Each structure stands twice: as C-alpha cells, then as structure tokens.
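> My questions concern the predicted model and sequence given below.
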Amino acid sequence: MSAAVPPPPGAPPPSAPPRPLRIGNASGFYGDRFSAVRDMLTGGPLDVLTGDYLAELTLLILGRDRLKDPGRGYAKTFIGQLEEGLGLAVDRGVRIVTNAGGLAPAALADAVRELADRLGIAVRVAHVTGDDVLARGRREGWGADALTANAYLGGAGITTCLRAGADVVVTGRVTDAALVSGAAVAHFDWAPDHWNALAGAVVAGHVLECGTQATGGNYAFFTELLQTAEPVRTAELLRTAEPVRASGPAPFHPGFPLAEIHADGSSVITKHPGTGGAVTVETVTAQLLYETQGARYAGPDVTARLDTVRLAAEGPDRVRISGVRGEAPPPDLKVGVTRVRGWRNEVTFVLTGLDIDAKATLVRAQLEAALAGRRPAELRWTLARTDHPDAAVQEEASALLHLVARDAVAEPVGRALGAAAVELALASVPGLHLTAPPGPGTPSGAFDAVFLPAASVPHTAVLPGGERLPIPAPGHTRGLAPVDPPPLPEPLPAGLPTRRAPLGAVFGARRGAKGGCAGLGVWARTAEGWRWLAHELTVSRLRQLLPETAELSISRHLLPELRGLTFLIEGLLGAGVAAGARFDPQAKAVGEWLRARHVELPEVLW
C-alpha cells in the first residue's frame, strides 16, 4: 500500500467534518405536555429545540380564534412555555424553531419579543411567512367559502433566519419535518440539490415531529416497554385493577425524542438520559409508518424515498437511520384548506340489559318523530354493542346508541335536538339514560387540499432586524410517480400449523389521518412475519377484516426495508377530522381495531 501523499507546503489543514447537530422536539400537537420545553432544555445538551403545534384540526381552531380577534391565530401555550424556557435556551445556546405561529407568525414573533423584554433577555427573533393564501383562494374561487388556506412551505425560510443569527424562529404552516431539515441545512450548509442529505434530515424530522410517539407513546407493544422500563411499578399496574398509588413518577411517562444528525444526512434517534419510554427499532418503525403514503414521501424541498430507509440499533435508546435516498421535490405545494360546513351536535343514549336492538329501534323512531318539522339535514346513528350477557357489572350490560346530527344552521342541532332527546327520559325504553346532557351545537368543519405552483407562493423570511428576504422555489423539480412495487418475499411453506389469535399478537400497527383519508401502517417483527404479512394482508383481506372499509378505495404499498405495509383508505373520515364523521374521527384506533381481529396465524410466528 502506498503512503499517503502529504499536503503541499503552506496548504491549509484539512477541515474537520461539521459536528453532528443535536436537535430535539418538545411538542407534537397544540396541547401537548406543557413542561416539555423546560424538560428538554434541562435534560441534556441540545443545539436546536423544535415544537410542532399544527394539525388539520388545529388550523380550523385557530381560524375560529382569528374570527373573534384578528390579532389571534397562534398557539398561545407556546408563550407560556417560553416564560420559563426562553432564559434557559439563551443560557444554554439552544435555538428554538417552531410552527406555533399558526395563522399569525408575525404576531407570535412580536409576542416573543415582548416576553423577552419583560424578562430582560436579549434574544433575536425571526419569522417565516407567505403560507397564508386565503385571500388568493377567494380571488381565484377555490377558497370562496374557506376559513383558512395555508401552503405547506419547506425549510428554506427557517434556514435563512438561522443563518441570519436568529435565536427563535417562528413559522406558520410549514411541513412538520421542515422544522428539523431547515435547521440541518443551516448547520451543514447543504446545497439545495443535496437530495440524499436533505431526505435523511426530512426522515429524522418525520420521526421527531409527533413527540413521544418515537419514544414509545401510542406504541402497539406498550406492555413490553412497561415491563422493561419500570418493572416494579408496572408489575403492580398490570396485576391489579386498582390505580397504582405511589409518590414516584407515573408508570409510563415517555420522554421527548431528539436526533443527532450527521453531515451526510444520517441520524441517530435517541432521548435524554433518565427519561421514560424507549427508543427502539420498532418505535422508530412505527413512527415512520405514520401518515405516510407509499415509498415516496414528498415535501417542498425534497422527496424522500422511504423504501431506502435502513434502521439499526446502536445501543440502548439509540437507533441509527441511514441509506435514505432523495429526489427533487414536486413542482407544486400542497395547500390545506379548512371550511366551516354548518353545525353539528351529538347525543349518546345508554341502553341496558335485554332487547338491545328493539330498544335502539324505538329510541331512534321516537327521536326522529319528535324532530319532525325541525329535523336536521343529516342524522347518523350507530349502535355499539358493548353489552355482555349475564353481566356482573351494570356498565358491562350496556350498549351505546350514538347520534350525530348536522345542519347548515345552528338551531336544528342545538336546543331543538337536546330537548327532544331529554324528553325521552320518562317516555321511552326501560333504563334509558344519556352519557351527558346535550350541549349547544358546534361548528362543523371540513378539510381538503389544493395544489399551487411553488414559485407562485411568496415564501418569505423576516430576519431579526426586520429585513424581508424572498425564498426562491426549488430550481429543479420532479413530478411524483408511483414506485414500481418491490418483489414479494418468499412465502412461508404451505401447510404449517396455525392457531387462531389476534393479528396484533405478532404484528404492530400505527394509524394516521390526512383529510378524509385514513392511513394505516402495519409491520412485522421478524423476517418470517414479513413473509406472511406481505402475502396475506392484501387489500381484499383488509376489507374483510375491517368491514367499514368494504366499499372504499384502498391502495397498498410495501416497504420491505421496514418489513412494513401502508394502506391509504380513502373517504373513511368523510370530510376529515374537523367534520367528526366517525366514532373515531381521527382514525386513531384503526390500527388497534385491525390488531384485535382474529386470524389463523402460523405457529412459527411466535
């Protein structure tokens, strides 16, 4: 082997690669754990702390706030968290990036400055704007009845603000992952066409964006985490029906995640030492399958290829993400549009004991007759047979008859509906009662998406000194196209002995919602499980297991590197979470419903 050639005299020493960027998350939604900002700032070293406060329903809520007061429209809890967190962040040199600005990022930036002045803290605040395209939608007709319309911007505005020295960057509607990728680009100085590095940061951002879902929250096999993380308290929790009474921490209190991002875009997902929960290959897999639709995960800056993601354990509570390939982003930006679509109300009748079906039929007929002449435009009834025969506990002898009513105006679903329901108390079936008195009607919303050319949306960074810098759209784009399906693994041998058991005994699942569609991710824990899952859980089999989906359009996508499948179930949520069309309006439990279905599983899967 030849010796290394020494540098010529006077040449500068080779520069060391940039150190990894340590970036954490302190919020997965508006209303998440209030103490998380303080906990993340004091729990260990960080370079950047992000907070994701926005969801489809959140924009509707903030839109209603803005109707009441044009100065509102941002996540007010963020200011409360900064009361105790801003000084900590400045002292520790941690920069904060958040989309808590919602519909009013400039107003939130001003509120942060006012807070800093009151606390006597010197802080440089910047914000990103341009996502609010409501006025344009109304001019062009597609937003004539919209309450909000916001384009999903990328991370370039965040990058510009951080490069200008901002300590706090406030945005409106950017993609959730952009909070992380924008900070990573500022740190590593990646060029806009460093697709693979960008895609790696976007994948890390997707893992972090929902907070403790990456550290064991909402995890299918949560009982295993309980047994390994807090065995003494968990043993008591699982052994008795009584609440665990102890002065120590809760039996399961997962900490918030962080990512150590490297110069090539690879990352390690971990958490602060001593915090609850766990970071494992499977908790990260579960989050990667959340709200994703196929192999191409498109964003404003890059399209990440989820079929290239590789995960590997790197010690306790450390999972490495590597191998992510990226492609040019699509030319258009998604615009989330929320609309107020009338009013809604709901009533739940409790039916107990014998003749449940007959009782439900009579209650329904009585209520609809009482509403004659003032009947809401839509009445949707569901009967949940939660009753058990010969029940030793009254609640276990009861079923729930649920009514959701909608109308274009408030009165038919307000007092009129409530009065009709209450008047059945002494005039209907034996044992009838309500879970709660009917309240007034509430606004009903809808969410849908339109697409606009990225170059037509005025993405703008407003720097700490007030200078406004336009952010150019990506110079190179690529239209989205389906990825060719990967080959299926070799099936398990025929004729293996089986046992009938819940699917969730050996498979995990994670759900997600996008507009009226429900996303469902399912993963296998072993190579043998993947061989079975890829062949057996087809679209037609999913329809059989989840009969509510039988008439809906469903697509299936394979991610062999993750041993996972994703399904997109169109229309399951009607007009979206804001419409409250289902008993489970955000499809939060669809994965657990699927895991609870009994199938014939090969014995080798255990």
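Structure's in. What do you need? Residues are numbered from 1 along each chain as shown.
> For the protein, name the helix or strand with the lowest mean pLDDT.
Using mean pLDDT, DSSP states H and E, the weakest-scoring helix or strand in the chain turns out to be helix 231-239, at a mean of 41.
> ok, then the element right after it?
Along the chain past helix 231-239, the next helix or strand (assigned with DSSP states H and E) turns out to be strand 257-261.
> avg pLDDT for that next one?
When pLDDT is averaged along strand 257-261, the result is 98.
> Given the next helix or strand after that strand, what are its sheet partners and their directions?
Under the assignment DSSP H and E, the closest C-terminal helix or strand after strand 257-261 is strand 267-271. Each strand pairing with strand 267-271, determined using DSSP bridges, is listed with its direction: strand 257-261 (antiparallel), strand 319-322 (antiparallel).
> Could you say which of these is packed most deeply?
Counting by mean count of other C-beta atoms under 10 Å, strand 257-261 has the highest mean neighbour count of the strands paired with strand 267-271, with a mean of 28. C-betas here are computed from N, CA, C, even on glycine.
> ok, and what's touching that one?
Contacts made with strand 257-261 from outside it, assessed by C-beta atoms under 8 Å, 6 or more residues apart in numbering, are listed as 20-25, 40, 44, 46, 180, 184, 187-188, 200-201, 204-205, 207-208, 211-212, 214-215, 267-272, 279.
> Can you list which of the residues you listed are found in helices?
Helix and strand membership here follows DSSP state H; of these, those in helices are M40, V180, A184, H187, F188, G200, A201, A204, G205, V207, L208.
> ok, E114 - how many residues close by?
Other residues near E114 number 11, with proximity taken as other C-beta atoms under 10 Å.
> what packs against the top strand by length along the chain?
Ranked by residue count under DSSP state E, the longest strand found in the chain is strand 332-352. Applying 3 or more C-beta pairs under 8 Å, 6 or more residues apart in numbering; DSSP states H and E, we find strand 332-352 packed against helix 56-68, strand 146-151, helix 356-370, strand 398-407, helix 415-422, strand 433-434, strand 442-453.
> Mind listing the strands the fourth one pairs with, and their directions?
As defined by DSSP bridges, the strand partners of strand 398-407 come to strand 332-352 (antiparallel), strand 378-384 (antiparallel).
> most tightly surrounded among these?
Burial among those, expressed as mean neighbours by mean count of other C-beta under 10 Å, is greatest for strand 332-352, which shows a mean of 22.
> Any stretches of the stretch 201-350 of the chain with poor pLDDT?
In the prediction, the stretch 201-350 of the chain carries residues with pLDDT under 70 at positions 228-251.
> and with 80 instead?
Along the stretch 201-350 of the chain, the parts satisfying pLDDT under 80 run over 227-251.
> How about I569, nearest residue that isn't a chain neighbour?
Across the structure, with C-beta to C-beta, 6 or more residues apart in numbering as the measure, the residue nearest I569 apart from its sequence neighbours is A518 (4.5 Å).
> residue contacts, the one you found?
R511, G512, L568, I569, L572, L573, A587, V590.
> Now with 6 Å, please.
I569, L572, L573, A587, V590 (C-beta atoms under 6 Å, 6 or more residues apart in numbering).
> and if you look at A596?
Residues in contact with A596 (C-beta under 6 Å, 6+ apart) are P502.
> Quick check: the gap between it and A505.
From A596 across to A505, the span is 10 Å (C-beta to C-beta, to the nearest Å).
> what do you get for A410?
For A410, the distance to A505 (C-beta to C-beta) stands at 47 Å.
> quick one, which of these two is more surrounded?
For A410 versus A505, neighbours defined as other C-beta under 10 Å are more numerous around A410 (17 against 14).
> Touching, that one and W343? I think so.
Yes - look at A410 against W343 with C-beta atoms under 6 Å: they come within range, at 4.5 Å.
> so what sits against both of the two?
Overlap between the contact sets of A410 and W343, as judged by C-beta under 6 Å, 6+ apart, is given by G441.
> check contacts around the residue nearest to R344 when sequence neighbours are not counted.
Leaving aside its sequence neighbours, R344 sits nearest to S444 (C-beta to C-beta, 6+ apart; 4.0 Å). The neighbourhood of S444, defined by C-beta under 6 Å, 6+ apart, consists of R341, G342, W343, R344, R406, A579.
> Among the strands paired with strand 267-271, which comes closest to Y74?
Each of the strands paired with strand 267-271 has some distance to Y74 by C-beta to C-beta; the shortest is strand 257-261, at 24.3 Å.
> Just the buried residues of the helix or strand containing H535, please?
Using DSSP H and E, H535 maps to helix 527-536. Neighbour-count burial for helix 527-536, with 16 or more other C-beta atoms under 10 Å as criterion, is recorded at E528, G529, W530, R531, W532, L533, A534.
> So what does the residue nearest to the first one when sequence neighbours are not counted have for phi and psi?
On the basis of C-beta to C-beta, 6+ apart, the spatially nearest residue to E528 that is not a chain neighbour turns out to be V604, at 5.6 Å. Summarising the backbone geometry of V604 under the convention degrees, to the nearest 10, its torsions are phi -70, psi -10.
> swap in R510?
phi -150, psi 140.
> isn't A421 right up against V347?
Yes - taking C-beta under 6 Å as the definition, A421 is a contact partner of V347 at 4.7 Å.
> Just the residues contacting the helix holding H535, thanks.
Applying C-beta under 6 Å, 6+ apart, the set of residues contacting helix 527-536 from outside is L488, P489, P491, L492, V506, A524, R563, V604, L605.
> Quick one: distance of the helix or strand just after that helix to the chain centre.
Going down the chain from helix 527-536, the next helix or strand is helix 539-545, by DSSP H and E. Taking C-alpha atoms, centre = their mean, to the nearest Å, one finds helix 539-545 lying 25 Å from the centre of the chain it belongs to.
> List of residues touching helix 539-545?
With C-beta under 6 Å, 6+ apart, helix 539-545 has contacts from T549, A550, I554, R556, R597.
> just the CA coordinates of that helix, formatted as PDB?
Output of helix 539-545 as PDB, limited to C-alpha atoms (Å, rounded to 0.1, in the frame of the first residue of the first chain):
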ATOM      1  CA  VAL A 539     -56.400  -5.100   0.100                       C
ATOM      2  CA  SER A 540     -59.200  -7.600  -0.200                       C
ATOM      3  CA  ARG A 541     -58.200  -9.200   3.100                       C
ATOM      4  CA  LEU A 542     -58.100  -5.800   4.800                       C
ATOM      5  CA  ARG A 543     -61.700  -5.200   3.600                       C
ATOM      6  CA  GLN A 544     -62.800  -8.500   5.200                       C
ATOM      7  CA  LEU A 545     -61.100  -7.700   8.500                       C
END
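> Would you mind listing the buried residues in it?
Going by neighbour count (16+ other C-beta under 10 Å), the buried part of helix 539-545 is L542, R543, L545.
> Can you tell me the strand partners of the following helix or strand past it and which way each runs?
Beyond helix 539-545 in the direction of the C-terminus, DSSP H and E gives the next helix or strand as strand 554-559. When pairs are called by DSSP bridges, strand 554-559 turns out to pair with strand 564-569 (antiparallel).
> between the strand it pairs with and helix 527-536, how many degrees?
Orientation note: strand 564-569 sits at an angle of 30 degrees relative to helix 527-536 (axes from the mean of the first three to the mean of the last three C-alpha atoms, to 10 degrees).
> What residues sit buried inside the following helix or strand past strand 564-569?
Reading on from strand 564-569 to the C-terminus, the next helix or strand found by DSSP H and E is helix 590-596. Of all the residues in helix 590-596, those buried under the rule 16+ other C-beta under 10 Å are V590, G591, W593, L594, R595.
> Which member of those residues is positioned nearest T498?
T498 lies nearest to R595 out of the buried residues of helix 590-596, by C-beta to C-beta, at 17.4 Å.
> wait, isn't the closest one in contact with R510?
No - with contact defined as C-beta under 6 Å, R595 does not count as touching R510 (10.3 Å).
> picking that back up, which of the helices and strands packed on strand 332-352 sits most buried?
Ranked by average neighbour count under the criterion mean count of other C-beta under 10 Å, these are headed by strand 146-151 at a mean of 25.
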